[in-house]
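Enquirer: Have a look at this fold, sequence not included:
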């Protein structure tokens, strides 16, 4: 399927490192602050993008996303458009718990979720289908509102995977193999075909970061 949209460049960044990232705690909808390294990463993101003609900045409603965006928004004199659709997946009773110190009950819940991520909900949480459903209208909105422009989206690990997968029209089950560390920015360029690349450690590379060798993810996807 071919797209009728003019070329749009969408930079998709993950928020800077948080204090809970450092402690290995599950975040979800909880709202820890950026760590000192996370603040540095927000400035590094500005350095990467300062020469681009950005026309819009979107974040989630969580402070780790908003704080990461602030240096860029100030530099470009752009408003920060906070979107609840970009909030990280809710992890319910798992939030705030260190992933390496789960009790027996939480370990069982985590294993059930890992086996059926698109259907199983940890108590108080979302599953992957919930995330994809709320994110789809946002994807359509940015394609509709920003033809021919370059925009920045600062989201979260799981939400960003889904957004990139939707923009590439890539199977959402497969896109879960994609990695995005706090210092990694993806660029999706989309018109008649979609192309993905990533920025890390000052380098630009085509494709996905840490794509497993037995499951190659193509760099270009016909639409």
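Expert: That came through fine. The model shown is predicted, which means the values in this text are computed figures rather than measured ones.
Enquirer: show me where pLDDT drops low in this protein?
Expert: Within the chain, the set of residues satisfying pLDDT under 70 comprises 1-5, 192-193, 200-203, 207-223.
Enquirer: remind me, longest helix of it?
Expert: Longest helix in the chain by number of residues (criterion: DSSP state H): helix 128-145.
Enquirer: Show me what that one is packed against.
Expert: Other helices and strands packing on helix 128-145, by 3 or more Cβ pairs under 8 Å, 6 or more residues apart in numbering; DSSP states H and E, are strand 8-14, strand 54-59, helix 157-168. No exception for glycine: its C-beta is placed from N, CA and C like everyone else's.
Enquirer: Quickly run through the sheet partners of the helix or strand following it, with directions.
Expert: Using DSSP states H and E, the helix or strand that follows helix 128-145 towards the C-terminus is strand 150-155. Applying DSSP bridges, strand 150-155 is found paired with strand 8-14 (parallel), strand 54-59 (parallel).
Enquirer: Of those strands, which is nearest residue 158?
Expert: strand 8-14 (10.1 Å; Cβ to Cβ).
Enquirer: Let me see the contact set for residue 27.
Expert: Residue 27 sits next to 18, 20-21, 64, 88, 91, 95, 156 when contact means Cβ atoms under 8 Å, 6 or more residues apart in numbering.
Enquirer: As a check, name the ranges of all strands in this protein.
Expert: If DSSP state E is used as the criterion, the strands of the chain fall at 8-14, 54-59, 80-82, 150-155, 185-190, 193-200, 203-206, 220-222.
Enquirer: among these, which is the most enclosed?
Expert: Mean neighbour count (mean count of other Cβ atoms under 10 Å) peaks for strand 150-155 among the strands of the chain, with a mean of 24.
Enquirer: relative orientation of that one and helix 128-145 in degrees?
Expert: Inter-element angle recorded for strand 150-155 and helix 128-145: 160 degrees (by axes from the mean of the first three to the mean of the last three Cα atoms, to 10 degrees).
Enquirer: which residues touch strand 150-155?
Expert: Here strand 150-155 has contacts from 8-15, 45, 49, 52-60, 65, 68-69, 72, 86, 88, 142, 160, 163, using Cβ under 8 Å, 6+ apart.
Enquirer: same thing but at 7 Å, please
Expert: 9-15, 49, 52-60, 65, 68-69, 72, 86, 142, 163 (Cβ atoms under 7 Å, 6 or more residues apart in numbering).
Enquirer: and it, how far from the chain's centre?
Expert: 9 Å (Cα atoms, centre = their mean, to the nearest Å).
Enquirer: so residue 76 sits right up against residue 53, yeah?
Expert: No: using Cβ atoms under 7 Å, residue 76 makes no contact with residue 53, being 9.0 Å away.
Enquirer: Tell me which of those two has more neighbours.
Expert: Counted by other Cβ atoms under 10 Å, residue 76 and residue 53 do not tie: residue 76 has more neighbours, with 18 against 9.
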